[in-house]
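Trainee: What would the 3D arrangement of this be:
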Amino acid sequence: MKGPRTRNLRQSATFKATPHSVYEMLMDSKKHAAFTGDRADISRREGSRFSAYGGWISGRNIKLVKDREIVQEWRGRSWPSGHYSVVRFSLRKNKTGTRLIFTQTGIPEDEYDEIRAGWKEDYWKKMKASLGFLDQLKKIH
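Mentor: Here you go, the predicted model:
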């Protein structure tokens, strides 16, 4: 059986936070839920399952290198049955914090535009706001 036509995506984002803080936002269920505003159940073991955005996103951890890299099989609930993309988050320390390089391969073509915008709005923008809020709290205490 042939799968859907797919496209690949590459984005980058810079965060005023350590690679550890960015990794934790992505891999800690409570921190992920806090910045997205929706339930997340994320395992920290390779081969284990995860879900985010109240189950709208699900998948499996392929490779985890603490504070450096996350590779996951990833799918949206509306995708064709059995179809997964592969996402990779690479984290690198830079002068201002962390540079995240993101790739996603195998995105169903008819969902590409929505997913491309979704990573920017629902992940990078919300993560930056959340990390900025935490930074301000540290300054208060």
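Trainee: switch to C-alpha atoms for all contacts and neighbour counts from now on
Mentor: Will do.
Trainee: just the helices in this structure please.
Mentor: 19-27, 29-36, 112-118, 125-140 (DSSP state H).
Trainee: Find the least confident helix or strand in this structure, judged by mean pLDDT.
Mentor: Of all helical and strand segments in the chain, the minimum by mean pLDDT, DSSP states H and E falls on helix 125-140, at a mean of 69.
Trainee: just checking, R5 touches Y112?
Mentor: No: under the criterion of C-alpha atoms under 8 Å, R5 makes no contact with Y112, lying 10.5 Å away.
Trainee: and the end-to-end length of stretch 106-125?
Mentor: Distance between the two ends of stretch 106-125: 23 Å, counting by C-alpha to C-alpha, to the nearest Å.
Trainee: middle-most residue in this protein, spatially?
Mentor: By C-alpha atoms, centre = their mean, the chain has its centre lying nearest to L26, at 5.6 Å.
Trainee: Check the burial of the closest residue to Q72 other than its chain neighbours by counting its neighbours.
Mentor: What sits nearest to Q72 in space, not counting adjacent residues and going by C-alpha to C-alpha, 6 or more residues apart in numbering, is N61, at 4.5 Å. Using other C-alpha atoms under 10 Å, N61 is surrounded by 21 other residues.
Trainee: What of K128?
Mentor: Applying other C-alpha under 10 Å, we find 18 residues neighbouring K128.
Trainee: hang on, it packs against F15?
Mentor: Yes: here K128 reaches F15: they are 6.2 Å apart, a contact under C-alpha under 8 Å.
Trainee: With T96 as the reference, name the closest of the helices of the chain.
Mentor: helix 19-27 (11.0 Å; C-alpha to C-alpha).
Trainee: average model confidence for the closest one?
Mentor: When pLDDT is averaged along helix 19-27, the result is 96.
Trainee: Let me know the angle separating it from helix 29-36.
Mentor: If you take axes from the mean of the first three to the mean of the last three C-alpha atoms, to 10 degrees, helix 19-27 sits at 80 degrees to helix 29-36.
Trainee: Let me see the contact set for R88.
Mentor: R88 makes contact with 69-72, 101-104 under the criterion C-alpha atoms under 8 Å, 6 or more residues apart in numbering.
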